[in-house]
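Visitor: quick one: sequence plus predicted model below, questions after.
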Amino acid sequence: MTARVGALLIHGLGGTQHDFGLMHRQLKRCGIETYSLTLPGHGTTPDALSSVRAEDWLAAVTAKYREVIDQHEVVHVIGISMGSLLAATLCALERHEKGRLIMLSPPIYIDGWSTPWWRAARHLAYRLPLLRTKMKIEESEPFSIKNSRLRNIMKTKFARGSHFHYRWVPLAGIRELDRLRRKVIRSLPRLACATLVVHAREDDLTSLRSADFIARTAPDARVVVLENSYHMICVDNDREQVVSSVLDFLDAAAQEIDAAVGVHP
């Protein structure tokens, strides 16, 4: 009997499930039931992030994970950008062993080539409560997308006020992202599941240093490096390679499970 397989997908800071492009659809075509959630502070207006803490995000994904894990023999946890940090922290805290972890563009370090002036100054700004809530960190070109056509589409959507992604986030949201980064760095050695990291060489938000760190620190991690994308890899030039890398990784997991229970093709 084939195991019932699910996947929990966790979006990034200021994002939605649109961050994953066609990932949900491709997983479903392979017989994997997908689940998602809207993180606290998302799906309304950027101001809603001002009072949200990393613990709120983690509590939300933990609740969703526990709901999903009881319905399936196998559950994979997939996160993109900040969602990948939440996914890793979740898997470490829950001692996740019933599936695999996939980290897409994980920002262990915020050191990409297009990170603006606030990168170095943000820790001082965090000490000023009013500035944390009032200061806006704007999305600007290249919008973490290398493909010029897709970048123009994103620019048009922002101009129309589309809700697929916040146009800006308060500095308070970046502060909580930094707190989450520190949690992940401490959590990675405790991972009990195999991990796949998919990271673009030209990621504008976080360099390959992040992927290298995970490869060295997590007990069982492998890395796929993309050569023609920026940070939003599920919608950029290498999106098909992202999907194929994820499916290959999960297919290997399925074969291991079938072998363990004596199922033959």
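Guide: Okay, I see it.

Visitor: so where's the stretch 151-265 of the chain uncertain?
Guide: For the stretch 151-265 of the chain, applying pLDDT under 70 flags the ranges 161-162, 252-265.

Visitor: which parts of it are strands?
Guide: 168-170, 195-200, 221-226 (DSSP state E, counting those that start in this stretch).

Visitor: of all those, which one comes closest to Leu90?
Guide: Closest approach to Leu90 among these (CB to CB): strand 195-200, 12.5 Å. Placement of C-beta: from N, CA and C, glycine included.

Visitor: just want the angle from that closest one to strand 221-226.
Guide: Between strand 195-200 and strand 221-226, the angle comes out at 20 degrees (axes from the mean of the first three to the mean of the last three CA atoms, to 10 degrees).

Visitor: give me the distance between the spatially most central residue of the chain and Ala87.
Guide: Geometric centre of the chain, nearest residue: Ile80, 1.8 Å, by CA atoms, centre = their mean. Computed as CB to CB, to the nearest Å, the Ile80 to Ala87 distance reads 9 Å.

Visitor: do Leu8 as well
Guide: From Leu8 over to Ala87 the distance is 8 Å, taken as CB to CB.

Visitor: more neighbours: these two, which one.
Guide: Taking neighbours as other CB atoms under 10 Å, Leu8 and Ala87 compare with Ala87 leading, 28 against 25.

Visitor: so what's the more buried one closest to, chain neighbours aside?
Guide: Leaving out its chain neighbours, the residue that sits closest to Ala87 by CB to CB, 6 or more residues apart in numbering is Gly79, at 3.2 Å.

Visitor: before we move on, the earlier item: identify the contacts common to Leu8 and Ala87.
Guide: Residues touching both Leu8 and Ala87 comprise 61, 77-78, with contact defined as CB atoms under 8 Å, 6 or more residues apart in numbering.

Visitor: now, which of the residues you listed sits nearest Phe20?
Guide: Phe20 lies nearest to Ile78 out of these, by CB to CB, at 7.9 Å.

Visitor: Three-state assignment for the residue nearest to Ala87, please.
Guide: At Gly79, secondary structure determined by DSSP: H, G, I helix; E, B strand; the rest coil is strand.

Visitor: which residues are contacting stretch 25-35?
Guide: Residues from elsewhere that reach stretch 25-35, judged by CB under 8 Å, 6+ apart: 4-9, 24, 64, 67-68, 72, 76, 243, 246-247, 250-251.

Visitor: can you do 6 Å?
Guide: Counting by CB atoms under 6 Å, 6 or more residues apart in numbering, the neighbours of stretch 25-35 from elsewhere in the structure are 5-9, 24, 68, 243.

Visitor: over to stretch 142-157?
Guide: 204, 229-232, 236-237.

Visitor: so which of the residues you listed sit within helices?
Guide: Residues of the contacts of stretch 142-157 located in helices (DSSP state H): none.

Visitor: got the contact list for Met103?
Guide: With contact set as CB under 6 Å, 6+ apart, Met103 has these partners: 84, 197.

Visitor: can we see that at 8 Å?
Guide: 79, 84-85, 87-88, 195-198, 214 are the contacts of Met103 under CB under 8 Å, 6+ apart.
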